[in-house]
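# just to be clear, the model below is a prediction. Sequence and coordinates:
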Amino acid sequence: MLKICQDWPKEAFDDKLIDAKYWDDFEKNATLAAAEVFRVKDLAAAKAKTAELIKEFECKKVIATCGDKNQGIKKIYEELSTPEVPIYTDKFEIAEHAPTADLGLSVAEFGVGETGGVCVDTYSYEARVTGMLPPVHAVYINANYMTENLTTALKIISRVYKRGYVGFITGPSRTADIERVLTLGVHGPSRFFVIAIENMEGSEG
């Protein structure tokens, strides 16, 4: 999958900009924005949470990105995909099934404590549709990859950005255009989950 940056931690992060101490702010503000945040110990726990979501929403098909960049996430996709509930990871299959997928799975690069949003590298078409078309979207994120605010977030992005798309997701889609009544899910997913993994290199289940 094409990305703006193939290795964000190596090329864009440093200890002055990324720090796990901003987790509490992130969790609080993400929750206030109606995101549903789950902090898990390792990849095995992330797999279990993903299986719960697939069951909860009675998914018939799932689209998923970034498995080619993270072997642990790739293994989650492979082990949870079944003939009854396929998880599509090929870019052409994602494009085909995105309009009717029940769940989109992707990976965020880092979280922003000030807003509770996550930064996603959406250079590729499949990354964009995975986060926009299914009614439910879940992102995996390293729980230690947190930055303080949007100012520091933009400093991080400026280190690697040359062209393409990068975005921030802060809670599910929302609008209040109609009679100033807040409605979720009009322009994108109505449910947004953050699966924050403490040890991304740990057990893969």
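Arrived safely.
# so, low pLDDT: which residues of the protein?
173-187, 202-205 (pLDDT under 70).
# mind running it again at 90?
1, 69, 172-188, 200-205 (pLDDT under 90).
# need the longest helix for it.
In the chain, with assignment by DSSP state H, the single longest helix is helix 43-56.
# my read is that Pro172 contacts Phe192, right?
Yes: Pro172 is in contact with Phe192 according to Cβ atoms under 8 Å; the separation is 4.2 Å. Every residue, glycine included, has its C-beta placed from N, CA and C.
# which of the two has more residues huddled nearby?
Taking other Cβ atoms under 10 Å, Pro172 and Phe192 do not tie; Phe192 has more neighbours (25 against 22).
# tell me the secondary structure of Ser106, please.
Classification of Ser106 by DSSP: H, G, I helix; E, B strand; the rest coil places it in strand.
# give me the element the residue sitting nearest the centre point of the chain is part of.
Most central in the chain under Cα atoms, centre = their mean is Val139, positioned 2.3 Å from the mean C-alpha point. Taking DSSP states H and E as the criterion, Val139 maps to strand 136-142.
# which SSE is immediately downstream of that strand?
Using DSSP H and E, the first helix or strand after strand 136-142 is strand 146-147.
# buried sites along the following helix or strand past that next one?
Next along the chain after strand 146-147, taking DSSP H and E as the criterion, comes helix 150-158. For helix 150-158, burial by neighbour count (16 or more other Cβ atoms under 10 Å) applies to Thr152, Ala153, Ile156, Ile157.
# tell me what angle the top strand by length along the chain forms with strand 136-142.
Ranked by residue count under DSSP state E, the longest strand found in the chain is strand 191-199. Angle between the axes of strand 191-199 and strand 136-142 is 20 degrees (criterion: axes from the mean of the first three to the mean of the last three Cα atoms, to 10 degrees).
# next, the angle helix 43-56 makes with the strand holding Val139.
With the same axes, to 10 degrees defining the directions, strand 136-142 sits at 170 degrees from helix 43-56.
# what are the C-alpha coordinates of strand 136-142, in PDB please?
These are the backbone C-alpha positions of strand 136-142, laid out as PDB (Å, rounded to 0.1, in the frame of the first residue of the first chain):
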ATOM      1  CA  VAL A 136     -18.200   1.200  11.300                       C
ATOM      2  CA  HIS A 137     -14.500   2.100  11.300                       C
ATOM      3  CA  ALA A 138     -11.800   0.900  13.700                       C
ATOM      4  CA  VAL A 139      -8.100   1.900  13.800                       C
ATOM      5  CA  TYR A 140      -5.200   0.200  15.500                       C
ATOM      6  CA  ILE A 141      -2.700   2.500  17.000                       C
ATOM      7  CA  ASN A 142       0.400   2.200  19.100                       C
END
